[in-house]
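In: got a structure for you, letters missing:
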């Protein structure tokens, strides 16, 4: 299997080979390739989509479906790290990952990503249905190819369009039960899609020097801090509108509607503080850090409210 020509990692011998002393890896390195922290939220939204779907699925098959969503997300993350190992090597927060640090060879990471991709899609297809499997396959492709290879190095709107990659799990979970995709799972997709830019840009603001050093055209690097803060607020308003839409359209009840409204008001208030901030020193960006932390709670709470609402309907 050929090594990725995109890789120019420090410490590599000609031809992409690692020095013998660095060529061994243990299970923790493979686990790290899956980006488990990111995977947690992906799995949660996928599981909520599954639990909120009408109809019945055997508990064991539900477990298999959720496991396949997790495995597919991990496969996409592994491919992302295989492709971006040279970029990770020059960013402080990613330099210790298995590939840039030399603990894994590129071929090992690529093989791992391919095996997990195929296994997750095929298993989901046989365990539930091929509609869900097709959505999972497309989500892996979108993150690995459309976002990682095409969008991320080319446009400051990378995270806007690429946000779709992390928005597919509710659709996959829903389809695993029903075999189709209706208005509600599409709205759940839209919530995660609209949530991603303010969530990610809040982080990017106080680590923008990393992206600048790596040559990645993130919005804070290309358009500056002020414009990024303005767009965080704009997308937060869009998110609030999308989040209450399932209730406004009569697809969900008052439990969800009240929760989504209150949670979104807090989100917009925190985004407004970000927009009003004037500091450009990363260490002083407290408003951005608060929004980033709250955004994680927000998405989890929104989807938890979805499941509760469906269970009491």
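Out: Looks like it arrived, so ask away. Bear in mind the structure is a predicted one, so any value in this text is a computation, not a measurement.

In: whichever helix or strand residue 275 is part of packs against which elements?
Out: Secondary structure from DSSP states H and E places residue 275 in helix 254-276. If contacts are counted by 3 or more CB pairs under 8 Å, 6 or more residues apart in numbering; DSSP states H and E, helix 254-276 sits against helix 183-206, helix 224-248, helix 286-312. Bear in mind the C-beta positions are built from the backbone N, C-alpha and C, glycine included.

In: let me know which of those is tucked in deepest.
Out: The highest average neighbour count among these, using mean count of other CB atoms under 10 Å, belongs to helix 183-206 at a mean of 22.

In: so which elements touch it?
Out: So helix 183-206, by 3+ CB pairs under 8 Å, 6+ apart, packs with helix 36-52, helix 158-162, helix 169-178, helix 219-222, helix 224-248, helix 254-276, helix 286-312.

In: mean confidence score for the one helix or strand residue 28 maps to?
Out: Taking DSSP H and E as the definition, one finds residue 28 inside helix 27-33. Per-residue pLDDT over helix 27-33 has a mean of 91.

In: about what we covered before: of the helices and strands packed on helix 183-206, which is nearest residue 197?
Out: Residue 197 lies closest to helix 224-248 among the helices and strands packed on helix 183-206, at 4.4 Å (CB to CB).

In: tell me how far that closest one lies from the chain's centre.
Out: 18 Å (CA atoms, centre = their mean, to the nearest Å).

In: next one: stretch 245-261
Out: Going by CA atoms, centre = their mean, the spacing between the C-alpha centre of stretch 245-261 and its chain's C-alpha centre is 24 Å.

In: what residues of that stretch count as buried?
Out: By neighbour count on 16 or more other CB atoms under 10 Å, the buried set for stretch 245-261 is 245-247, 252, 255-257, 259-260.

In: which residues touch that stretch?
Out: Contacts to stretch 245-261, defined as CB atoms under 8 Å, 6 or more residues apart in numbering, come from residues 183-184, 187-188, 190, 243-244, 301-302, 305-306, 308-310, 312-313.

In: with that, I have no additional questions.
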